[in-house]
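>>> Here is a sequence together with a model predicted from it:
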Protein chains: 2
Amino acid sequence: MIVLDYRDKRPIYEQVVEKLERLVVNGILATGEKMPSVRSLAMELSVNPNTIQRAYAQLEQEGYLYTVSGRGSFVAPEREWRENKQVEVLQGWQDLTRQAKEAGVSKELLQRRIREIYGEGSQ
Amino acid sequence: MIVLDYRDKRPIYEQVVEKLERLVVNGILATGEKMPSVRSLAMELSVNPNTIQRAYAQLEQEGYLYTVSGRGSFVAPEREWRENKQVEVLQGWQDLTRQAKEAGVSKELLQRRIREIYGEGSQ
DNA sequence: ATAAGTGTATTAAGAGAATTAATACACTTA
DNA sequence: TAAGTGTATTAATTCTCTTAATACACTTAT
């Protein structure tokens, strides 16, 4: 389901949060779909169940999943996380844009890269 | 010269690196100018000299300063760090731009924010 | 020459966070 | 009833950051 990067210096639980988050955002894990159980994902990643539990707790806190007692954890509907996600990403993006300006990166270069990433169309 | 943020969860040496980097990039510390000594900056920030030493080692490694044995550390000329800085920032910026797209942020919003940050002019 | 100031290196110890480990509990489903 | 779920607790371990105390080679000013 996901693969850990051992060169990454962040805590494992943060990596798990980030990677599962992206699976949800990209729709690879669809709304209502059952998440892997804490124990099974821990087994799969050769990691302690507590570590996965911590990641799940944070994902629930951020609205990406919800839990039904005794049944498991499930992907939350998009309205629960979409706005927060956009705000969070946009704040980081603006900060990096300011840093790019500071470093002397031209406005035109950034605009070109945006077109490359988004494509030329309106959306 | 700089102020530490104790709410910031990053290591102190990283904060020092980041803040001194910005002073150099913004020209507040000019090329050739003498950096504060390891001991004096440690004293000013109420921090161990080893912590500052670590920050300086990293700053030197990244090309922001150079050392003259027995004399001290000095701000390196712009050509030593400018290109690396731009590449580093731009890579992070592109990654966040992709994330913004993933999260459903529109191209138009990003373009508007760029204009706000850079201003309307050509540069 | 001497003293004070520079960066650098080393070794040890402390503190805090992340992680592992071993259980236990309440709940649901087969 | 048994197996599978998330959750909670407590302890020990590991790792990084940080502090601490020195020491060394070098330069500058006295």
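Structure's in. What do you need?
>>> and chain A, what are its domains?
Following the assignment in automatic domain parsing, chain A carries domains at A:12-77, A:82-118.
>>> The residue nearest the centre of chain A and B:Tyr13: what is the separation?
Centroid-nearest residue in chain A, with Cα atoms, centre = their mean: A:Glu21, separated by 2.9 Å. Noted for A:Glu21: a distance of 29 Å to B:Tyr13, by Cβ to Cβ, to the nearest Å. Heads up, the C-betas are built off the backbone N, CA and C, glycines and all.
>>> Tell me the residues on chain A that lie near DNA strand D, please.
A:35-40, A:49-50, A:53, A:56-57, A:60, A:67, A:69-73 (Cβ under 7 Å from any atom of the strand).
>>> Could you pull up the residues touching A:Pro36?
Taking Cβ atoms under 8 Å, 6 or more residues apart in numbering or on different chains, we find A:Pro36 in contact with A:1, A:44.
>>> and what of A:Lys101?
Taking Cβ under 8 Å, 6+ apart as the test, what A:Lys101 contacts is A:107, B:117-118.
>>> What ranges does chain A have for its strands?
Along chain A, counting by DSSP state E, strands occupy A:65-68, A:72-75.
>>> Thought A:Leu59 was touching the residue nearest to the centre of chain A, still the case?
Yes. Using Cβ atoms under 8 Å, A:Glu21 is in contact with A:Leu59, at 6.9 Å.
>>> Would you mind measuring from the residue of chain A most remote from its centre to B:Gln86?
Using Cα atoms, centre = their mean, the residue of chain A lying farthest from its centre is A:Gly104. It sits 29.8 Å away. Per Cβ to Cβ, A:Gly104 is found 6 Å from B:Gln86.
>>> which stretches of chain A have low pLDDT?
A:121-123 (pLDDT under 70).
>>> one more time with 50
A:123 (pLDDT under 50).
>>> tally of neighbours for the nearest residue to A:Leu96 once chain neighbours are set aside?
What sits nearest to A:Leu96 in space, not counting adjacent residues and going by Cβ to Cβ, 6 or more residues apart in numbering or on different chains, is B:Trp93, at 4.5 Å. Around B:Trp93 there are 23 other residues, counting by other Cβ atoms under 10 Å in any protein chain shown.
>>> Reformat the domains of chain A as a markdown table; add distance to B:Leu4.
Formatted as a markdown table, these follow (distance: least, Cβ to Cβ, whole Å):
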| stretch | distance to B:Leu4 |
| --- | --- |
| domain A:12-77 | 23 |
| domain A:82-118 | 19 |
